[in-house]
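[1] sequence plus predicted model, see below.
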Amino acid sequence: MSTFLADLHIHSRFSRATSKNLTFRNLAAWASVKGLDVVGTGDFTHPGWLAMLEDELEPDESGLFRLREEGDLHQEIPGMEGMELPCRTRFLLSSEISSIYKRGGKVRKVHNLVYMPHLDAVKTFNAKLAQVGNIASDGRPILGLDSRNLLEMVLETHPQAYLIPAHIWTPWFSVFGSKSGFNSLEACFGDLTSEIFALETGLSSDPDMNWLWSDLDQYTLVSNSDAHSGANLGREANIFHGPRDYTGIFRALKGQLSATEFRGTVEFYPEEGKYHLDGHRKCQVVIDPRETRYNHALCPVCGKPLTVGVLNRVLELADRTTPVQPPDHPGFTSLVPLPEIISEIVGTGPKTKKVARMYLPLIAEFGTEMQILRSVPLEDLRRHSSLLAEGIARLRKDQVIRQGGFDGQYGVVSVFSPQERASFKRGKTLPGVPLPSEKQAGNTPSSLAQGVSSQTEPRVVYQPNPDQQRAIDADPGPVLVLAGPGTGKTQTLMGRIERLLEQGEDPQRIVVVTFTRRAAQEIRERLRPLGEAGNQVRADTLHALAFAFWARKLGTPPVLLSEEGAKSLFATANPGLSGQMLKQTWETMNRDRELGKVISSKAYLAYADQKSVWNLVDYTDLLAFWLEQLQEEDVSSKSAFSHVLVDEVQDLSPLQMALVTALAGHGGEGFFAIGDPYQSIYGFRGAMPDVQGHLQSLWPQIQAVSLDTNYRSTQQILDLAKGIFPHASGLMAKRKDEGRALLFRGATAAQEAAWMGGKILSLIGGTAHWQADSGHQGGIGPGDIAVLVRLKALIPLYKKTFEKMGIPCAVPETEAFFKDPRVAKILAQAGGVLGIMGGEAEAICPDDILTRGPEHIARHVGDTPPFDRIFWASTPFTTLVTRYKEHGSWAGLLNAISLENEMEQIRAVSQKVQIMTMHGAKGLEFEAVFLPALEEGLLPFVGAGMLTGKIGGQEHRTDVDEERRLFYVGLTRAKQRVYLSYSKERRIFGHTLHANASRFLKDLPVEGMSRRSAKAHIKVQEKQLSIF
């Protein structure tokens, strides 16, 4: 058995800011030069690098990988021609994953290393990860995935798959980092913390620093180079003794009995790391933790926040004043890279040809860099260069001069003093300037370990304001609450429910009507803390309530058409209609039905007859049936509900409004509606914006309460939005911080998208170290940012641009096919037959029919309820057929669906920049909102036909007032920042659009703003709105 060195954290050519020369042969060559026996593959999550891995490497018998072609490695390194370079390297499957997410009210940015025992495990893991986010845009994928959930995915992949938190102290991207980290591992990994057994110290810390904190005593401390090029391999490494294999390394790091032992680490001097001390690089200010505390963590030159370094953060969490090495932990050795020592001697940078001309012959004569630094006899080195021998002698005695790195700027560790280096240039050898025997680094960790403490944030408790309280306490008679954006609408609604329950109202006779299922779910979640009474309050959409009424009234639930199914049935019933005429007739009919009109057109009658023949209903039928039943009854005595609370009342159509007011009865007692006419954006579905006028005509005694205190946005954002409706009463911001709005004009849509991506990177502080070093110092999480567009057709450009820039982003997805109720019935029977689903499933058909596949089920079942020919032609069923064929069996399909369900849960908690339509953003809020494509024709939208010139726009009726309200909704989603943009040229609907800025921009308070056209070569041209 022998000792071997392993560097298990590197990157590929597909990661940002890495050498494009990186191949596995190049890595193996440099590893042989450096003296490394095992190297991490890095970036196995990237499809391109994984393909290169399978092409260039092959597994050996140890669970590691070796080069398929090991000869002529010297050709990989310029200057080594003619020198022998034996291949000694094995590769271990590794990757780094960047997680950016929000936890505990704070944006967290954590990098984690993941290791896998074989390629099958890698591919399984990658398939899961690809469901969470884009793993192809960067070698180190950037995901909005909580570290705890990532760890769970790793553990589920293979028993010997493991995760190590990377460079745990780096300010920007680590588990303990000062900018976005946690104060304990438990806070990060929760119930899975016990599965963590090793921590990577990073370049800016060493084991001594980590041994100041007793919480870390139980963990193996590893060190790796985090190399972005072959030449940087081995800056730090791990020492093992014994068999060189995957299982041995895994067990040794875990502290389990193994023939392979972990013998400690080779370390960078932590001062050389670029985040060791505190500082502000722009002002060239570098200070130690005591000065930082004295200056309140502000730069003494410019007053801006300092980047708090690793040493400060270690001391903040430390519970010791001097390092205490745990008795069962090995020690470490600190080294300076050989090219840096040579550069001191020759007086040029470590990457120059002059250094290489001295470095490579040393490798050829004495062996590896590690051997030269650690074990080659000094007298042998002295025969080659007395200065080199002296420098390495000092290094081995730890007689070095240290100047700490800060704020992204590498530190300097020297073996010769400035006077000595100056004398070398004059041709002298050793001028005799003595070096101190103690380390010259200013302050040691133990000398600074006093008085550094963390601060806690104050806790905020919500209390209703006077206007909210008036609404909550209003009399039982009809009440209309006019709630502007961010004024606490949902909180007021919940307050009203709580008050009713306190007054002894029967919870089963209280109903909350919401506009969306998402809003209903939110209400139900808020009701749970109220106990049993809260669980008995009914909260749902009007369509869901109507469906339940139908089933209760007639004794059986209706066969309900989906929107897609209804449209398909309408087309079937009207074969004479097609294309644009079919679309217009369908939309007009739906709108007229929601308006409560009596329709007698042939198209509608044919559709109604077809529904009757096939015993089907659509969503409007549900509402019409319920309303008809209510109008026939004595509502005051037979209504199921004594209190009807309506959310987003301005979005109701006349039919829906008639239904909810009928539920309340003739006098409106118990009716409580809340909404904002300025946010009425569903006129195309028949919504009535003048809801106040309508309700007052119905119930003159109705109480109206206005909520004007905004808890979401800054006053600057609210004043900006007021420009859309200057005659409306203004909202007053509760928060006192400053807001920001920027307007950008791009020459092209691509330029606009790139500008947006740059701004997003600034907001989240970058997604990589190099971006943080370049001044990206934001504190907003990806999930706190939204890009809101008028049309879905605009989404792909922004998504593609952001993914290319490494920004985690998401767009709304269509509901999975297996969530269709009738598809679920088929899958339930299939799962029952296979014995992989609990409980008894309803038999749809004989088992022998089911085992032949979905198409045989369709032929056997036909129109037997709840199935029908519309369902068999629907997208959910045809997708089921396609997916069944892809997987070849029910077992394969059900396994795939199980994985998709698991990934959906992960995606639900992953955090990404949201790209969605303005309509889809209704009811949401974000720290920063981007509103791009603000061009005339797109906002207000005049129709695809008008934009492309195909038709005169008759197919689309532009309601400018509603488009104005839609823009208002978009603006008021923002808490603190709004970014408005438009471009002179845009490709959409297959045509190039040349347009001016939207007319709505002229309504904003932007007088005095300088307007210039962005040239094609100008990357950023923005103007801050003058109201700020």
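    Arrived safely. These numbers were taken from a predicted model, which means no experiment stands behind them. Numbers count the residues shown, from 1 in each chain.
[2] quick one, helices of the stretch 551-700 of the chain?
    Secondary structure of the stretch 551-700 of the chain (DSSP state H, counting those that start in this stretch): helices located at 563-573, 579-594, 602-614, 619-632, 635-638, 654-664, 691-698.
[3] could I get the average pLDDT for the fifth one?
    So that's helix 635-638. Helix 635-638 comes out with an average pLDDT of 46.
[4] just the CA trace of stretch 504-520, in CSV.
    What follows is stretch 504-520, C-alpha atoms only, in CSV (Å, rounded to 0.1, in the frame of the first residue of the first chain):
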residue,chain,number,x,y,z
GLY,A,504,-70.3,32.2,16.7
GLU,A,505,-71.3,32.0,13.0
ASP,A,506,-71.6,28.4,11.8
PRO,A,507,-68.3,27.7,9.8
GLN,A,508,-70.1,25.3,7.5
ARG,A,509,-72.4,28.2,6.3
ILE,A,510,-69.4,30.4,5.4
VAL,A,511,-68.1,30.2,1.9
VAL,A,512,-65.2,32.0,0.3
VAL,A,513,-65.3,32.3,-3.5
THR,A,514,-62.0,32.8,-5.2
PHE,A,515,-61.1,33.5,-8.8
THR,A,516,-58.3,30.9,-9.1
ARG,A,517,-57.5,27.5,-7.6
ARG,A,518,-54.2,28.9,-6.4
ALA,A,519,-56.0,31.6,-4.4
ALA,A,520,-58.4,29.0,-2.9
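[5] might you calculate how far it sits from the centre of the chain?
    With Cα atoms, centre = their mean, to the nearest Å as the basis, stretch 504-520 stands 32 Å off its chain's centre.
[6] average pLDDT for that stretch?
    In this model, stretch 504-520 carries a mean pLDDT of 90.
[7] if we can go back for a sec, quick one, which of the helices of the stretch 551-700 of the chain is packed in tightest?
    With neighbours taken as mean count of other Cβ atoms under 10 Å, these reach their highest mean count in helix 654-664, at a mean of 21. (C-beta placed from N, C-alpha, C; glycine too.)
[8] who does it touch, helix- and strand-wise?
    Using 3 or more Cβ pairs under 8 Å, 6 or more residues apart in numbering; DSSP states H and E as the contact test, the elements touching helix 654-664 are helix 542-554, helix 579-594, helix 619-632, strand 643-647, strand 671-675, helix 691-698.
[9] quick one: closest of the ones you listed to Ile100.
    In terms of Cβ to Cβ, the element of the helices and strands packed on helix 654-664 nearest to Ile100 is strand 643-647, at 32.5 Å.
[10] direction included, what does the closest one pair up with?
    strand 510-514 (parallel), strand 671-675 (parallel) (DSSP bridges).
[11] in the last one, what's buried?
    Read that as strand 671-675. Phe671, Phe672, Ala673, Ile674, Gly675 (16 or more other Cβ atoms under 10 Å).
[12] the third one contacts Gln650, correct?
    No. Contact between Ala673 and Gln650 fails when scored by Cβ atoms under 8 Å: they sit 9.0 Å apart.
[13] which neighbours do those two have in common?
    Val691 (Cβ atoms under 8 Å, 6 or more residues apart in numbering).
[14] and Arg517, how many neighbours?
    12 (other Cβ atoms under 10 Å).
[15] with the one 3 residues further on instead?
    Other residues within reach of Ala520 by the criterion other Cβ under 10 Å amount to 20.
[16] and for Thr556?
    11.
[17] so how far is Pro866 from it?
    10 Å (Cβ to Cβ, to the nearest Å).
[18] out of the helices and strands packed on helix 654-664, nearest to Pro300?
    Across these, closest to Pro300 is strand 671-675 (Cβ to Cβ), at 51.5 Å.
[19] so the closest one versus helix 654-664, what angle?
    150 degrees (axes from the mean of the first three to the mean of the last three Cα atoms, to 10 degrees).
[20] heads up, I number from 828, so please use that
    In the new count, where the first residue is 828, that last one comes out as strand 1498-1502.
[21] what angle do helix 1518-1525 and strand 1498-1502 make with each other?
    Here strand 1498-1502 points in a direction 160 degrees away from that of helix 1518-1525 (the same axes, to 10 degrees).
[22] compare the helices of the stretch 1378-1527 of the chain and say which comes out lowest on pLDDT.
    Looking at the helices of the stretch 1378-1527 of the chain, the bottom one is helix 1462-1465 with a mean of 46.
[23] three-state assignment of Ser1533?
    At Ser1533 the chain is in strand, as set by DSSP: H, G, I helix; E, B strand; the rest coil.
[24] skipping its backbone neighbours, what lies nearest it in space?
    In space, Ser1533 comes closest to Leu1309 once its chain neighbours are excluded; the distance is 4.7 Å by Cβ to Cβ, 6 or more residues apart in numbering.
[25] and for that neighbour, the neighbour number?
    24.
[26] that one contacts Leu1534, correct?
    Yes. At 6.9 Å, Leu1309 counts as touching Leu1534 under the criterion of Cβ under 8 Å.
[27] mind checking how far the residue nearest to Ser1533 is from Ile1529?
    Computed as Cβ to Cβ, the Leu1309 to Ile1529 distance reads 11 Å.
[28] could you do Gly1817 as well?
    50 Å.
[29] could you do Leu1588 as well?
    Distance from Leu1588 to Ile1529, by Cβ to Cβ: 50 Å.
[30] so between those two, which is more surrounded?
    Set side by side, Leu1588 and Ile1529 show more neighbours around Leu1588, with 21 against 17, by other Cβ under 10 Å.
[31] please, which helix or strand holds the more buried one?
    For Leu1588, the enclosing helix or strand under DSSP states H and E is helix 1576-1590.
[32] now do stretch 1527-1545, average pLDDT.
    Stretch 1527-1545 comes out at a mean pLDDT of 92.
[33] may I see the buried residues of it?
    Of the residues in stretch 1527-1545, 1529, 1532, 1534, 1536-1545 count as buried by neighbour count, 16+ other Cβ under 10 Å.
[34] go on, stretch 1329-1337?
    Glu1332, Pro1334, Arg1336, Ile1337.
[35] what would these look like in TSV with secondary structure?
    Shown next, in TSV, are the buried residues of stretch 1329-1337 (three-state DSSP):
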residue	secondary structure
Glu1332	coil
Pro1334	helix
Arg1336	helix
Ile1337	strand
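[36] let me have those in TSV, extended by distance to Asp1072.
    Shown next, in TSV, are the buried residues of stretch 1329-1337 (distance: Cβ to Cβ, whole Å):
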residue	distance to Asp1072
Glu1332	70
Pro1334	64
Arg1336	69
Ile1337	66
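[37] any idea which of these is closest to Asn1442?
    Of all these, Asn1442 sits closest to Arg1336, with 32.4 Å by Cβ to Cβ.
[38] tell me the spacing between the closest residue to that closest one other than its chain neighbours and Leu1486.
    Spatial nearest neighbour of Arg1336, chain neighbours left out: Ser1469 (4.3 Å); criterion: Cβ to Cβ, 6+ apart. According to Cβ to Cβ, Ser1469 stands 17 Å off from Leu1486.
[39] and for Ala1398?
    Look at Ala1398 and Leu1486: by Cβ to Cβ, they are 28 Å apart.
[40] ok, now Glu1143?
    60 Å.
[41] kindly format the C-alpha coordinates of stretch 1571-1589 as PDB.
    Output of stretch 1571-1589 as PDB, limited to C-alpha atoms (Å, rounded to 0.1, in the frame of the first residue of the first chain):
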ATOM      1  CA  PHE A1571     -34.200  51.000 -21.400                       C
ATOM      2  CA  ARG A1572     -34.500  51.300 -25.100                       C
ATOM      3  CA  GLY A1573     -32.800  48.600 -27.100                       C
ATOM      4  CA  ALA A1574     -32.000  48.500 -30.800                       C
ATOM      5  CA  THR A1575     -33.200  44.900 -31.000                       C
ATOM      6  CA  ALA A1576     -35.100  42.500 -28.800                       C
ATOM      7  CA  ALA A1577     -32.000  40.500 -28.300                       C
ATOM      8  CA  GLN A1578     -30.200  43.500 -27.000                       C
ATOM      9  CA  GLU A1579     -33.000  44.200 -24.600                       C
ATOM     10  CA  ALA A1580     -33.000  40.600 -23.300                       C
ATOM     11  CA  ALA A1581     -29.200  40.800 -22.700                       C
ATOM     12  CA  TRP A1582     -29.600  44.000 -20.800                       C
ATOM     13  CA  MET A1583     -32.300  42.400 -18.600                       C
ATOM     14  CA  GLY A1584     -30.000  39.400 -18.000                       C
ATOM     15  CA  GLY A1585     -27.200  41.700 -16.800                       C
ATOM     16  CA  LYS A1586     -29.600  43.500 -14.500                       C
ATOM     17  CA  ILE A1587     -30.800  40.200 -13.000                       C
ATOM     18  CA  LEU A1588     -27.300  39.000 -12.400                       C
ATOM     19  CA  SER A1589     -26.600  42.300 -10.500                       C
END
